[in-house]
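Asks: 3D model of this:
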Amino acid sequence: MKKTIKKVYCDTSVIGGIADNEFSEYSKRFLTFVKSGFFNLVLSPVVDDEINSEGTPEEVIKEYENLIKYSEIVDVTQEAIELQQAYLNAKILTTKWEDDALHVSLASVNNCDYIVSWNFKHIVNFQKIPLYNAVNKLNGYGEIQIFSPLELEVNDEE
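Replies: Numbers count the residues shown, from 1 in each chain. As a prediction, the model looks like this:
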């Protein structure tokens, strides 16, 4: 049986998680799965901007630079901006958190199977996920599954 490789959008928190005692183990495990070919990783210029901002630990920058070779880098398109705006118009998030809405819209317009994030307030949130998917449906996009790295497990026995 051929294994199905899922397309996974990874936000900045997962990569940054390698430098956080609380999240390190599962961020590193997820990134190992990516490097082993279990997931097709999708990154964006939003992730790049956040990683390359002031104060990012050197180990996080190096990990990100290494991940690029395993990744598809998607562009911030007008289509993604319009979906981001639809999330803001639906009041899922305020403009203060528009980059979080952009992460979700980039994953949605690029047909990712999953988003992986440690952002429990704005992304991996049981109240917001159905709202993102409702807006996606209204705008002609499929549902997106959103998980923390803790929840993503692979079965390599296929």
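Asks: tell me who's in contact with the residue most central in space within the chain.
Replies: Taking C-alpha atoms, centre = their mean, the centroid of the chain lies closest to C10, which sits 2.9 Å from it. Counting by C-beta atoms under 8 Å, 6 or more residues apart in numbering, C10 touches 30, 34, 41-43, 47, 115-117. C-beta: built from backbone N, CA, C; applies to glycine.
Asks: and V116, by the same measure?
Replies: V116 touches 8-11, 14, 30, 146-149, 152, counting by C-beta under 8 Å, 6+ apart.
Asks: among those, which are in strands?
Replies: Among the contacts of V116, the ones falling in strands (DSSP state E) are 8-10, 146-147.
Asks: in JSON lines: these, plus pLDDT.
Replies: Formatted as JSON lines, these follow (pLDDT from 0 to 100):
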{"residue": "V8", "pLDDT": "97"}
{"residue": "Y9", "pLDDT": "98"}
{"residue": "C10", "pLDDT": "97"}
{"residue": "I146", "pLDDT": "97"}
{"residue": "F147", "pLDDT": "97"}
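Asks: strands along this protein, start to end?
Replies: 6-10, 39-43, 71-73, 114-116, 145-147.
Asks: most packed of the ones you listed?
Replies: Among these, the stretch with the highest mean neighbour count (mean count of other C-beta atoms under 10 Å) is strand 114-116, at a mean of 24.
Asks: check the offset of it from the chain's centre.
Replies: 5 Å (C-alpha atoms, centre = their mean, to the nearest Å).
Asks: now that strand: average pLDDT?
Replies: In this model, strand 114-116 has a mean pLDDT of 97.
Asks: picking that back up, of all the contacts of V116, which comes closest to K96?
Replies: D11 (16.5 Å; C-beta to C-beta).
Asks: gap between that closest one and L138?
Replies: Remark: distance between D11 and L138 (C-beta to C-beta, to the nearest Å) = 23 Å.
Asks: of all the strands of the chain, which lies closest to E54?
Replies: strand 39-43 (19.9 Å).
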